[in-house]
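A.B. asks: Structure for the following, please:
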Amino acid sequence: MKKKFPEVSVIIPNWNGKHLLKKCLDSLKLQTFKDFEVLIIDNGSKDGSQKFIKKKYPKVNLIELKNNIGFSGAINLGVKICTGNYMFLLNNDTKVDKNCIKNLVTSVKKKKAGLIAAKILQMDHPKLIDSAGDYIDAVGHANNIGFGDYANNYNNSGFVFLVCGGGCLIKREVFETIGFLDHDYFAYMEDVDFSLRAQFAGFKIFYEPSAIIYHKHKATSSKIPAFTEYLQYRNMTMTIIKNFPLELFARDLNWLKIILVNLNTIRFLAGEGYFKEAIKAEYYIIKNFPGLLQKRKKIQSNIKVPIDYIMENIYPKKITFFGLLKSGI
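C.D. replies: Purely as a prediction, here's the structure:
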């Protein structure tokens, strides 16, 4: 008899998140959609996560790693191992509404989309948005759509340019076409890079407000603030180099804005006590610049959509002297 594979594979990276897992995994047990498997990729946790999962959730497919290979590495490993037609990427610091997976699957089929962004609410303030999809602007800043705004303002399904990797559904075909997450990102903005590459290949992304996730914001990153600042700054620059079309650099003097923001970010991080991390990020970019250009060449040569489509979906950025002084970025 031919083995039946689940329609959805839930992939959860975990690093020292034992205190978060019960809420997340219990919510998955309550799903009205039942045709899914759960994979936890444990990045060498030292807090007893593995023992806890084995004892309390024996049906979970636990992959135990000796070292931390990051969010992107863990997701990639999960995608290689899993058997579903769709991958549901999920943070460990989340709780999932009982109809979330069902509504994600319904939406991805109805819209013939490649990726679906869930409606992610703030765990501690559930009337507020954490993410209703993501966006990126012309100097490389990426952020959550609607963050901090009232959730009721985001009740309509529609097109978005980027998904948040902590709560989205991705068709297997997308991975088969554009490859995996870029493991060099380790964590942060790997979802931005992946979404851009998916858009370039012609896969559409939609936001589905009926698929609800509750997220404990910065539950992991707050433990390692210096490393987080380093990754966010470095990965922003990597994304610009790899993904931005030449036409975008030329528009509205964006190349100059990018340079000014880059320099000013160093000043800002130094003022916050992260000068070493800023310089470390710059050094990484310089050292790996030839490799980034090779990645850029591959990505840009595989763009299947009009450049105008890309340009109109990247937010313009207005920069003023006083704005730089105030915000630092």
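A.B. asks: Would you quantify the distance from residue 112 to residue 87?
C.D. replies: Distance of residue 112 to residue 87, given as Cβ to Cβ, to the nearest Å: 17 Å. Every residue, glycine included, has its C-beta placed from N, CA and C.
A.B. asks: And residue 207, by the same measure?
C.D. replies: Going from residue 207 to residue 87 by Cβ to Cβ gives 18 Å.
A.B. asks: Do you have the helices of the protein handy? List them.
C.D. replies: 18-29, 49-56, 70-81, 100-110, 172-178, 190-200, 225-243, 246-250, 254-271, 275-287, 289-301, 307-312, 321-327 (DSSP state H).
A.B. asks: Deepest in the core, which of these is it.
C.D. replies: By mean neighbour count, with neighbours taken as mean count of other Cβ atoms under 10 Å, helix 190-200 ranks first of the helices of the chain at a mean of 25.
A.B. asks: Show me what that helix is packed up against.
C.D. replies: helix 70-81, strand 134-136, helix 172-178, strand 205-215, helix 225-243 (3 or more Cβ pairs under 8 Å, 6 or more residues apart in numbering; DSSP states H and E).
A.B. asks: Give me the distance from it to the chain's centre.
C.D. replies: 9 Å (Cα atoms, centre = their mean, to the nearest Å).
A.B. asks: do stretch 4-22 as well
C.D. replies: So, by Cα atoms, centre = their mean, the centroid of stretch 4-22 is 16 Å from its chain's centroid.
A.B. asks: List the buried residues of that stretch.
C.D. replies: 6-18, 20-21 (16 or more other Cβ atoms under 10 Å).
A.B. asks: per-residue pLDDT, residue 220?
C.D. replies: Model confidence at residue 220, expressed as pLDDT, equals 70.
A.B. asks: so it makes contact with residue 13?
C.D. replies: No. With contacts counted by Cβ atoms under 8 Å, residue 220 stays clear of residue 13, the gap being 9.4 Å.
A.B. asks: and for the two, which residues touch both?
C.D. replies: 91, 92 (Cβ atoms under 8 Å, 6 or more residues apart in numbering).
A.B. asks: closest one to residue 134 among the helices of the chain?
C.D. replies: For residue 134, the closest of the helices of the chain is helix 190-200, at 6.6 Å, according to Cβ to Cβ.
A.B. asks: Pop the domain breakdown of this structure in here.
C.D. replies: Domains of the chain are assigned by automatic domain parsing as 9-221, 223-327.
A.B. asks: And those domains, which one averages the lowest pLDDT?
C.D. replies: Among those, domain 223-327 carries the lowest mean pLDDT (a mean of 93).
A.B. asks: quick one: the closest residue to residue 128 other than its chain neighbours from residue 151, how far?
C.D. replies: Spatially, and ignoring its direct neighbours in sequence, residue 128 is nearest to residue 122 (4.8 Å; Cβ to Cβ, 6 or more residues apart in numbering). According to Cβ to Cβ, residue 122 and residue 151 sit 9 Å apart.
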